[in-house]
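Engineer: fold the following for me, if possible:
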Amino acid sequence: MADFNPFDPRLRTNPYEVYRELREEAPIFWSPMMSVWVLTRYDDVLTTLKDHANFSSERLRANNPLVQALESQRLASGPLGTTPTMLSTDPPAHTRMRSLVNKAFTPRQVERIRPQMVEIAKGLLDGLPEPGKIDVVADFSIPFPIIVIAAMLGVPASDRERFKAWSTDIAGSLGGPFQPADVIERSVTASNEIADYFRDQIAARRAEPRDDLLSALAAAEEEGDLLTEDELIATCILLLVAGNETTTNLIGSGMVTLLQNPDERRKLQANPSLMASAVEEMLRYEPAAQMTSRIANEGAELDGMRFEPGQVILPVMAAANRDPAHFPDPDRFDIERHPNRHLAFGQGIHYCLGAPLAVAEARIAFDALLRHMPEPQAAFEAPDWGSSFILRGLKSLPVVY
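Structural biologist: All right, here's what the predicted structure looks like:
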């Protein structure tokens with residue numbers, strides 16, 4: 001019988017088996033253990049992500065004890081705990097913040113940093129401590145996006161190690177409701193330290209603007225409205241942590257998928273013009289964010305089923321991405337798949353703001369990795385997946401070449 005149990009080891013090793021069972025037997029599934037609705041069909045997930053009138057992103061509306069505990073923890077986490085972000089708000093607050101951030105986080109910002117991204121990737125690979133060996137996660141996929149976003153924001157190179165430590169500690173609390181107390185404590189400490197850091201950086205940019213993302217965010221204005229200092233800091237932390245964690249996982253998961261599908265890897269190396277579609281297929285096949293959450297408003301329903309206001313709903317994008325009704329032969333990794341309307345970046349008004357940056361980073365990363373090691377070989381028996389069932393990523397990925 002289909003079930004959704006966060007302690008099921010398959011959610012770590014092969015969650016797609018669990019999602020298939022749910023999609024076939026109970027695509028709108030009530031989990032008594034977690035008191036949440038779990039959605040696994042593409043159409044249901046898409047509807048929930050796009051219909052912000054009936055499905056809210058404001059978790060404070062939830063009547064779920066786990067979510068309430070997480071929200072209480074967030075509100076008590078320091079000066080920014082009560083600051084709304086684009087992730088946790090509905091219109092009109094979301095519309096205002098998104099509009100202001102969009103004025104700064106533009107395609108031009110990504111293009112401005114592209115040559116530097118190429119150099120960062122090359123530098124990481126040229127600086128590997130041992131020829132012929134690499135831990136793709138530790139040596140590349142963790143430092144690469146942190147250095148990139150730090151460079152975009154205008155953070156001095158001398159501060160990047162602190163950025164990396166802060167990002168790692170804050171990301172530790174993003175994996176769901178079952179995190180140890182020491183992980184939460186480190187996350188709160190890091191959040192407060194990075195908030196103080198950004199306050200100083202913002203003051204410096206307002207006194208003397210530069211050609212960087214932090215200056216652009218501080219100056220972003222619409223009809224006389226600016227982001228408040230706390231909103232600016234919260235946005236910077238969101239870009240740093242959410243972007244780093246998901247891009248790190250995309251590069252690691254994409255690399256292990258190429259190792260497991262050598263014919264597709266060789267096809268990509270023989271025809272680099274396939275890189276764009278290959279990255280889209282990596283996003284579909286092994287998305288970093290497996291699911292998100294929404295809260296039912298009055299009148300929320302799917303397929304004739306009505307939800308009680310305040311109930312928590314988990315739209316599982318990773319399950320939707322393998323729905324055979326939309327993706328023929330969904331468990332096959334196909335770098336030439338077309339069309340490929342995956343939901344790895346969400347959909348609707350909350351579509352991932354950093355998607356263009358993540359895609360650009362991934363294309364550059366895989367181009368650099370496959371040039372550096374044209375015949376990579378796995379140096380592990382089984383992939384070392386992390387414990388979170390919400391954010392799927394590898395803890396390590398040793399490769400020889």
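Engineer: any idea of the pLDDT on residue 274?
Structural biologist: Per-residue pLDDT puts residue 274 at 98.
Engineer: please read the previous query as pertaining to residue 162.
Structural biologist: 89.
Engineer: hang on, it in a helix?
Structural biologist: Yes. Judged by DSSP: H, G, I helix; E, B strand; the rest coil, residue 162 forms part of a helix.
Engineer: distance check, it against residue 203.
Structural biologist: Note on residue 162: its distance to residue 203, by Cβ to Cβ, to the nearest Å, is 18 Å. C-beta: built from backbone N, CA, C; applies to glycine.
Engineer: looking at these two, which has the bigger crowd around it?
Structural biologist: residue 162 (15 against 12; other Cβ atoms under 10 Å).
Engineer: ok, now which ones touch that one?
Structural biologist: residue 197 (Cβ atoms under 8 Å, 6 or more residues apart in numbering).
Engineer: what about it, distance to residue 216?
Structural biologist: For residue 162 relative to residue 216 (Cβ to Cβ), the value is 22 Å.
Engineer: residue 43: neighbouring residues, count only.
Structural biologist: There are 15 residues near residue 43, going by other Cβ under 10 Å.
Engineer: that one: which element?
Structural biologist: helix 42-50 (DSSP states H and E).
Engineer: quick one: contacts of that helix?
Structural biologist: Counting by Cβ under 8 Å, 6+ apart, 27-28, 39, 55, 292, 294, 302-303, 313, 315-317, 319-321, 323, 325-326, 343, 346-348, 350 sit against helix 42-50.
Engineer: same question for that helix, mean pLDDT?
Structural biologist: Rounded mean pLDDT across helix 42-50 is 98.
Engineer: chain center to the least confident helix or strand in the chain by mean pLDDT: distance?
Structural biologist: One helix or strand of the chain scores below all others by mean pLDDT, DSSP states H and E: helix 65-75, with a mean of 79. In terms of Cα atoms, centre = their mean, to the nearest Å, the centre of helix 65-75 is found 21 Å from the chain centre.
Engineer: now do that helix: which elements does it pack against?
Structural biologist: Judged by 3 or more Cβ pairs under 8 Å, 6 or more residues apart in numbering; DSSP states H and E, helix 65-75 is in contact with no other helix or strand.
Engineer: any chance you could list what contacts that helix?
Structural biologist: 34-35, 59-60, 62, 81-82, 177, 184, 293, 312.
Engineer: tell me the pLDDT of residue 241.
Structural biologist: At residue 241, pLDDT is 78.
Engineer: how much space separates it from residue 232?
Structural biologist: Taking Cβ to Cβ, one finds residue 241 at 15 Å from residue 232.
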